[in-house]
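> Here is a sequence with its predicted model. Questions after.
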Amino acid sequence: MNLKLEDNGKVVILMVKEERLDAHNSDQLKQELSRLFGEGKTGVVVDLKEVRFIDSSGLGALVSGFKNASSRQASLKLSSLQSQVKSMFELTRLHRVFDIYPTIDEAVDAF
Amino acid sequence: MDNRQIELQMTVPNQTRYLHLIGKISEILANQLHSYRGDRETLAQHVNVVLTEALVNAIRHANADNPDDEVQIKIIITEHEIILQVFDHGQGFNIEDIPKGLEESQETLDEHGRGLFIMRSLMDSVNYYKVEGGNMLEMRKRLH
């Protein structure tokens, strides 16, 4: 999976540079989030600007990251959801669980 | 595309690396359905999603993640419906045992278990049948 990481000291921005976040690659995202929160990062923004497709495994990886963050008093936010991806969050009611922002900057400002 | 029946059969190795390919092909096919009264692009995206979900279930659970196994997919388009079929070689399960709603477990953040809910939400019907050699998951959506 192509992931690009930027760390500004306060917040880590994890950009998913893939068109699809699905059962084939979602484990890598899950592991990366686990690593970041395990290292003590308190704020992570997962940017999904390039993702046009997400399945239940992709959602599950993000849920895993969210639970990881919560258990460590850290925070995971999402940004730049395309409309189809946003629909999947709404269908599964996960849009009420995650803090979702239109852009990375707005997500970062919210910390 | 006229109103005659179209049937596309695909067989791929039982590996998640093929999800993208199958999903893309099904999306392209569904996007050509000029008889569909609704938003064709959305239908195509939904077909991609539900087929992906069904395939993951077949690959991971039914075929036990065996990379040497195969999974078969059939897409049938009639004048009235699109029918998606995924064939596995596993023992099968009783689809009625899986609750139809978004269970409390999902709302309290289970990492797994949303696949069947997504299939049932986006398609008109989802059924699972025993067939020769294994099982078939069949999803149908009316076009008008």
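Here it is on my side, so go on.

> which other residues reach stretch B:128-143?
Applying Cβ atoms under 8 Å, 6 or more residues apart in numbering or on different chains, the contact partners of stretch B:128-143 are B:33, B:35-37, B:43, B:46-47, B:50-51, B:54, B:57-58, B:62, B:79-90, B:92-93, B:95, B:119, B:122-127. Placement of C-beta: from N, CA and C, glycine included.

> helix or strand right after the helix-or-strand element of chain B with minimal mean pLDDT?
Here the helix or strand of chain B ranked lowest by mean pLDDT, DSSP states H and E is helix B:104-107, holding a mean of 52. Using DSSP states H and E, the helix or strand that follows helix B:104-107 in sequence is helix B:115-122.

> So that next one, near chain A or not?
Yes. Against chain A, helix B:115-122 shows contacts by Cβ under 8 Å from any Cβ of the partner chain at B:115, B:117-118, B:121-122.

> Quick one: residues contacting the nearest residue to B:Gly101 once chain neighbours are set aside.
Excluding the flanking residues, the one nearest B:Gly101 by Cβ to Cβ, 6 or more residues apart in numbering or on different chains is B:Phe117, at 7.6 Å. By Cβ under 8 Å, 6+ apart, B:Phe117 lies in contact with A:92, B:100-102, B:106.

> Check B:Gln15 too.
B:59, B:67.

> now the one 3 residues further on
B:Tyr18 sits next to B:12, B:55 when contact means Cβ under 8 Å, 6+ apart.

> how much space is there between it and B:Ile25?
From B:Tyr18 across to B:Ile25, the span is 10 Å (Cβ to Cβ, to the nearest Å).

> can you pull out the helices in the chain?
Answering for chain A, as no chain was given. All helices of chain A, identified by DSSP state H, fall at A:26-38, A:56-71, A:83-91, A:104-109.

> wrong one, chain B
B:19-30, B:40-57, B:104-107, B:115-122.

> Least confident of those helices, on average?
For the helices of chain B, mean pLDDT drops lowest on helix B:104-107, to a mean of 52.

> Enumerate the residues of chain A near chain B.
So chain A meets chain B at A:20, A:22-24, A:53, A:55-57, A:59-61, A:63-64, A:66-67, A:84, A:88, A:91-93, A:97 (Cβ under 8 Å from any Cβ).

> among those residues, which ones are buried?
Neighbour counting by 16 or more other Cβ atoms under 10 Å in any protein chain shown classes A:20, A:22-24, A:53, A:55-57, A:59-61, A:63-64, A:66-67, A:84, A:88, A:91-92, A:97 among the residues of chain A next to chain B as buried.

> so who does the most centrally placed residue in chain B touch?
Nearest residue to the geometric centre of chain B (Cα atoms, centre = their mean): B:Leu51, 3.1 Å. Counting by Cβ under 8 Å, 6+ apart, B:Leu51 makes contact with B:22-23, B:26, B:73, B:75, B:84, B:86, B:139.

> Tell me how far it lies from A:Val85.
Counting by Cβ to Cβ, the gap from B:Leu51 to A:Val85 is 17 Å.

> for B:Phe93, same thing?
29 Å.

> Between these two, which has more neighbouring residues?
Using other Cβ atoms under 10 Å in any protein chain shown as the criterion, B:Phe93 and A:Val85 rank with A:Val85 on top: 21 against 13.
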